[in-house]
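K.L.:
task: produce atomic coordinates for the following.
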Amino acid sequence: MKVKITGIGGYSSVIQLDNDASLRHLIEATHAPLPVAGIRFGYPPQRVNLNAGSATLTLDSLGICSGEKINLIFEDEGSLNKQPASLSATKQQVLPSTKCKITLPDGEENVLQVHQIPDDNSCLFHSLSYCVYKDISLSPQLRTVCSTQIRSDKNLYSDAVLDKPNEEYAQWILRKDSWGGGIEIAILSKNFSLAIYVLDMDALKFEKFNEDQFTHFVIIMFNGVHYDALELQNHTTVFDRHDELYSEAVLEAALEIAKKLKKGGHSFNTRRDRIVCNNCHAILVGEREVARHAESTGHFDFGQAKT
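P.N.:
Alright, predicted model coming up:
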């Protein structure tokens, strides 16, 4: 069975155990940073104190099954707050903002990281091309897929939806300086037979495209004007949402990266923040205004305007 372990001070791990494992086996497998006094699990939470009698009880007899979330109760949680001893939490503190250490269900530690994509107006297509093919040079083909699909369904992709005539849009999206967005993400999701999770860095939440249709997904991160891809350090970019503990660990790490980057000023609220073109110093507000400026000028280097 696989269970998720959490504890005070940011301690977090996903471990795999035999189906007949005891409470003692579980505690030993966590490699907890402090002596464990007991566990909490279930809803409403129930506590089991660790003692000679409970240590030999099987997890099954306690009502713990695969997928359970278990909170460790440490004997001296105060010292953990003063001196963080959690290996994973300590290591995360020294990683750059673009990385977050996680423990995967097989017990191996890995790092989720941002794969930085060039700022050249094709960042959406580059990020998805990287996630699927590990090669951003296929971005023009992805534009072609979108253009063909838009042209083939003029009812779904009407002039009102596209904010320009269907044929004009189908030609426009083929240009390497045209920004892609939700329309293109939805099309490419179906083309790849993959759900696409877009992590909004400013809102700190995921927009999930076609999650109900596909079990596998990729993650891209949007800071308001730019997309980057997310991957494990071993270059894994496609994840299986049916493996709940595995995918949950990855998504939590992605949110942690977004939080750190937002705190560092890397996110833009395109409905609120003023954006400056670093090429001509024009001040813009809103994603659509930025996109139109990029289309008309060929400029693609943007930043947050100082207030």
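
K.L.:
residue boundaries of the helices in the protein?
P.N.:
For the chain, the helices defined by DSSP state H cover 23-30, 59-62, 77-82, 87-94, 123-133, 139-152, 159-162, 166-172, 182-192, 244-263, 287-297.

K.L.:
out of those helices, nearest to Gln46?
P.N.:
Among these, helix 59-62 comes nearest to Gln46, with 8.9 Å by Cβ to Cβ. Just so you know, the C-beta spots here come from the backbone N, C-alpha and C atoms, and that holds for glycine as well.

K.L.:
and the closest one, what other elements does it pack with?
P.N.:
Helix 59-62 sits against helix 23-30, with contacts defined as 3 or more Cβ pairs under 8 Å, 6 or more residues apart in numbering; DSSP states H and E.

K.L.:
in the helix it packs on, what's buried?
P.N.:
Using 16 or more other Cβ atoms under 10 Å as the test for burial, helix 23-30 gives Leu23, His25, Leu26, Ile27, Ala29, Thr30.

K.L.:
list the beta-bridge partners for the spatially closest residue to Leu232 that is not a sequence neighbour.
P.N.:
Take Leu232 and drop its neighbours on the chain: the residue closest to it by Cβ to Cβ, 6 or more residues apart in numbering is Asn110, 5.0 Å away. According to DSSP bridges, the residues that bridge with Asn110 are Ile102.

K.L.:
list the residues that contact Asn110.
P.N.:
Taking Cβ atoms under 8 Å, 6 or more residues apart in numbering, we find Asn110 in contact with Lys101, Ile102, Thr103, Leu104, Leu232, Gln233, Asn234.

K.L.:
got these as a markdown table, with distance to Asn191 and neighbour count columns?
P.N.:
Shown next, in a markdown table, are these (distance: Cβ to Cβ, whole Å; neighbours: other Cβ atoms under 10 Å):
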| residue | distance to Asn191 | neighbour count |
| --- | --- | --- |
| Lys101 | 33 | 22 |
| Ile102 | 29 | 23 |
| Thr103 | 33 | 20 |
| Leu104 | 29 | 19 |
| Leu232 | 24 | 16 |
| Gln233 | 28 | 12 |
| Asn234 | 26 | 9 |
